[in-house]
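> based on what follows, work out the 3D shape:
(chains A and B)
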Amino acid sequence: MDTVFGIPGGAVLPLYHELAVSGLRHILTRHEQAAAHAAEGYARATGKPGVCIATSGPGATNLVTGIANAYMDSIPIVAITGQVGVAMIGRDSFQEADITGITMPITKANYLVKNIRDLAATIHEAFYVATTGRPGPVLIDIPKDVTTQRAAFQYPPKLRLPGYRSRVEPHVLQVAQAAAAIQAAARPLLFVGGGVITSGAHEEVRQLAEEQDIPVVISMMGKGAFPENHPLFVGMVGMHGTVAANYAVCETDLIIGVGVRFDDRVTGKIEAFAPQAKIIHIDIDAAEIGKVVPAHIPIVADARQALQAILAKLPERKEHPEWRQRIWRWQEENPLRYDECGLKPQYVIEELYRLTEGRAIISTDVGQHQMWAVQYYPVERPRSFLSSCGLGTMGFGVPAAMGAAVARPGETVVAITGDGSFQMNIQELATLRHYNIPVKIILLNNGYLGMVRQWQEFFFERRYAYSELGGNPDFVKVAEAYRLPARRVASREEVVPALQEALETEGPFLVEFLIDREENVFPMVPPGGTLNKMVTGGRQQ
Amino acid sequence: MKRTLSVLVENRPGVLTRVAGLFSRRGYNIDSLAVGRTENPSISRMTIVVDGDEQIIEQVCKQLNKLIDVIKLSDITDDPHVGRELMLIKVNAEPAVRGEIMQIVDIFRARIVDIARNSLIIEATGDADKIDALENALRPFGIREVVRTGKIAMLRGAKTKGMEASGDGTGD
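Below you'll find the predicted structure:
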């Protein structure tokens, strides 16, 4: 951990006074929410904890969305907030908010440090809790007068966390059952999620898939957990998953769920999810098992350790040629496709993929562009696709990209965003400029809250109630006002040169694409529908 | 199905909110929640009675176990245990009916702890059935106020649901 993101204010002035000479790098964002998302981007791109700092009251409450986002996606961040002086707490003092109370349901743990003597131990505990077990956000609220007191620094004593279980070994019996089930299965399917990336289990996943000839589907959090050019890769499952992945879930007789929580965007109608399958569910969080779908073989453990244990019980190679062929046929018959006339977002992303050779770190905002990015930018490596998956937070993409770019200098970082999402943290262009953070922004502008419009088209009689973004600014001029180079693209021919220019220009760059306004995301499983009933294209009448 | 959970928690500010908040946020029903410190002042025990089917109870337990302040959780419903609740009840008691009320109090082995001109306060302990029965018996006289603690419980015999925690203990 070498960088923190934040904004100073009254209650954290003493802290900032020391921070300025601490040797830590501080990135001054323009909104606290962006500081929290940047800390997440930093953590998602590296696995190291991200840190954000805000002052009391509104500074602290502005972090809330970022904290909730990190909580839903199990991202280790430590949020440090200032608080009014201890004697002022509870009196509705200026810039006072009960931030520990507010963040209780969206943090893994939170602390109000009322005594300087507890500070070192609390910080130590906070980082330990944030990064171990199932990671998550932790908040430390520090009253202003605590930060001005002095205490002799003593290295924090050993942690006393009698109720906290961070290391969980897989149960031998369950491992044996899982191995037996894998050997017995005729149509097994690996379903991998963010837990695989967190625990660094991607090599074990690949080994299991290859040795036992098991096709692989992912959740959005699992993007990067398995190389997408691999012959055993089937696609993302769920509402905007691929036809083959969703069919595979419907037909499999064994799901090996690793580090996934069976989100409702994945399962569709729960009763109809994987109707023929036995389910092995590996998760470090016992509370995830049985929460949504019943698991036949539950394994509460770190994904990597569990897979290693299972692999050790599976000596032989196995093949499922019929099953694999069947999936390949689905893939062949139902490729992702789009109508190629006009300026299509899918085409932009495909070209981006080609020009970056799939090596960029991609961050996305939330909406249609997010789904197109999932579909048309295959990734090979873990920690190279950063998205707000569980909470679905618009405004995440640019600040998260900023955090990733700071954490991994020298890598190409691209934020794919939409005109709706972009405007929810557009002020961060200033931060990108100020620190010359080389984030390339791909803005897919359709003049709508596109996913909202798509739902209105399908489920609300095409009444586009307030989803059209009238009053959009001239985004190129906005970028230029922030002194960022920018370019607008209105035709297919200009796509490649513009992308090239963005990638070759040092520092941040914005390219706005005026895409087909009513392009939709397909396939689509209607909300609450079953995975084998997808809308695969064309306007629904 | 009602289950009785005995939960050891760190005696820290906010723990009760954290536990109660978990119930409301996840949509579980708390029947009663009683909390007090244990023989170790840094640890409190909560006795929680929760209503729900098997799947809900399992989730309640898992979600509670996830809280860092929760040291140990046991579902003691099926273990032999002593379960008690304390009730204070204020009833109308004109002099003419006091004798009758005192008889009822005797039958239930409750106690009269305050006498005013027209009312009595009765203290009773027992399991929920007994407390309910006493409340019903006193209802015809006119109940002015009832305060109940919710259930507390302890395992019978030498067994304890003790402090041996399964967590990180002293982590690194």
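> would you map the helices across chain B?
Using DSSP state H, the helices of chain B run over B:15-26, B:54-66, B:95-107, B:128-138.
> can you list those in TSV and add mean neighbour count, distance to residue A:310 and mean pLDDT?
Where you see a C-beta, it was placed from the backbone N, CA and C, and this is true even at glycine. Formatted as TSV, the helices of chain B follow (neighbours: other Cβ atoms under 10 Å in any protein chain shown; distance: least, Cβ to Cβ, whole Å; pLDDT from 0 to 100):
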stretch	mean neighbour count	distance to residue A:310	mean pLDDT
helix B:15-26	16	31	91
helix B:54-66	18	23	93
helix B:95-107	13	63	95
helix B:128-138	17	47	95
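> those: which one's closest to chain A?
Comparison of the helices of chain B against chain A by Cβ to the nearest Cβ identifies helix B:54-66 as nearest, at 3.7 Å.
> for chain B, see how far away residue A:356 is.
Between residue A:356 and chain B the computed distance is 40 Å (Cβ to the nearest Cβ, to the nearest Å).
> just send the helices of chain B back as JSON lines, with distance to residue A:445 too.
As requested, those are arranged in JSON lines below (distance: least, Cβ to Cβ, whole Å):
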{"stretch": "helix B:15-26", "distance to residue A:445": "38"}
{"stretch": "helix B:54-66", "distance to residue A:445": "42"}
{"stretch": "helix B:95-107", "distance to residue A:445": "78"}
{"stretch": "helix B:128-138", "distance to residue A:445": "63"}
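> okay, and for chain B, where does confidence drop off?
Along chain B, the model assigns pLDDT under 70 to residues B:161-167, B:169-172.
> one step back: could you dump the helices of chain B into a markdown table with distance to chain A added?
Output for the helices of chain B, formatted as a markdown table (distance: least, Cβ to the nearest Cβ, whole Å):
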| stretch | distance to chain A |
| --- | --- |
| helix B:15-26 | 5 |
| helix B:54-66 | 4 |
| helix B:95-107 | 42 |
| helix B:128-138 | 29 |
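> quick one: which of these is nearest residue B:160?
If you check each of the helices of chain B against residue B:160 by Cβ to Cβ, helix B:54-66 wins as the nearest, at 18.8 Å.
> residue A:59 and residue A:70, how far apart?
Applying Cβ to Cβ, to the nearest Å, the value for residue A:59 to residue A:70 is 17 Å.
> the more surrounded of these two?
Using other Cβ atoms under 10 Å in any protein chain shown, the more surrounded residue of residue A:59 and residue A:70 is residue A:70, with 33 against 25.
> go ahead and confirm that one touches residue A:137.
Yes - with contacts counted by Cβ atoms under 8 Å, residue A:70 reaches residue A:137, the gap being 4.1 Å.
> where along chain B do the strands fall?
With DSSP state E as the definition, chain B shows strands at residue ranges B:2-10, B:29-37, B:43-51, B:70-75, B:81-92, B:111-115, B:119-126, B:143-148, B:152-155.
> adjacent strands (with direction) for the second one?
Strand partners for strand B:29-37, identified by DSSP bridges, are recorded as strand B:43-51 (antiparallel).
> list the buried ones in the strand it pairs with?
Of the residues in strand B:43-51, B:43, B:44, B:45, B:46, B:47, B:48, B:49, B:50 count as buried by neighbour count, 16 or more other Cβ atoms under 10 Å in any protein chain shown.
> between these, which is nearest chain A?
Nearest to chain A among these, with distances taken as Cβ to the nearest Cβ, is residue B:43, at 8.8 Å.
> show me the contacts for the residue nearest the centre of chain A.
For chain A, the residue nearest the mean C-alpha position is residue A:387 (3.4 Å; Cα atoms, centre = their mean). Neighbouring residues of residue A:387 by Cβ atoms under 8 Å, 6 or more residues apart in numbering or on different chains: A:220, A:223, A:363, A:364, A:366, A:370, A:373, A:374, A:396, A:397.
> select from the residues you listed every entry located in helices.
Counting by DSSP H, the part of these found in helices is A:370, A:373, A:374, A:397.
> filter the residues you listed by proximity to chain B?
Among these, not one lies near chain B by Cβ under 8 Å from any Cβ of the partner chain.
> in PyMOL, how would I select just the buried ones from these?
Selection of buried members from the ones in helices among the contacts of residue A:387 for PyMOL, criterion 16+ other Cβ under 10 Å:
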select buried, chain A and resi 370+373+374+397
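> what two of the ones in helices among the contacts of residue A:387 are the furthest from one another?
A:374 and A:397 (13.0 Å).
> spit out the residues that contact those two alike.
Contact with both residue A:374 and residue A:397 is made by residues A:364, A:387, according to Cβ under 8 Å, 6+ apart.
> next, residue A:498: phi, psi?
With angles defined as degrees, to the nearest 10, residue A:498 sits at phi -70, psi -40.
> ok, now which ones touch the one residue in the stretch 301-450 of chain A that gets nearest to chain B?
Relative to chain B, the nearest point of the stretch 301-450 of chain A is residue A:302 (14.0 Å; Cβ to the nearest Cβ). Going by Cβ under 8 Å, 6+ apart, residue A:302 touches A:167, A:168, A:170, A:199, A:201, A:284.
> before we move on, what about residue A:277?
With Cβ under 8 Å, 6+ apart, residue A:277 has these contacts: A:189, A:249, A:252, A:253, A:254, A:255.
> identify the contacts common to residue A:70 and residue A:137.
Joint contacts of residue A:70 and residue A:137 (Cβ under 8 Å, 6+ apart) are A:76, A:77.
> returning to what we had before: which pair in the contacts of residue A:302 has the greatest spatial separation?
A:167 and A:201 (15.2 Å).
> those two: which has the busier surroundings?
residue A:201 (26 against 13).
> okay, now residue A:419: neighbour count?
25.
> same question, residue A:410
So residue A:410, with other Cβ under 10 Å, has 6 neighbours.
> cool, and residue A:462?
The burial count for residue A:462: 12, using other Cβ under 10 Å.
> doesn't residue A:456 make contact with it?
Yes - using Cβ under 8 Å, residue A:462 is in contact with residue A:456, at 6.5 Å.
> nearest the geometric middle of chain B, what residue?
Nearest to the geometric centre of chain B sits residue B:151, at 2.0 Å (Cα atoms, centre = their mean).
> list the contacts of residue A:484.
The neighbours of residue A:484, taking Cβ under 8 Å, 6+ apart as the test, are A:429, A:432, A:433, A:507, A:508, A:509, A:510.
> only the buried subset of those, as a PyMOL command please.
Here is the PyMOL command that picks out the buried ones among the contacts of residue A:484, judged by 16+ other Cβ under 10 Å:
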select buried, chain A and resi 429+432+508+509+510
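> make TSV out of the contacts of residue A:484 and add distance to residue A:209.
Output for the contacts of residue A:484, formatted as TSV (distance: Cβ to Cβ, whole Å):
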residue	distance to residue A:209
A:429	42
A:432	39
A:433	44
A:507	40
A:508	38
A:509	37
A:510	39
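> out of the contacts of residue A:484, which is nearest to residue A:25?
The nearest member of the contacts of residue A:484 to residue A:25, counting by Cβ to Cβ, is residue A:432 at 15.4 Å.
> can you pull out the residues in contact with the helix or strand where the closest one lies?
Following DSSP states H and E, one finds residue A:432 within helix A:428-434. For helix A:428-434, the surrounding residues in contact (Cβ under 8 Å, 6+ apart) are A:27-31, A:34, A:398-399, A:402, A:437, A:439, A:478-479, A:482-484, A:507-508, A:510.
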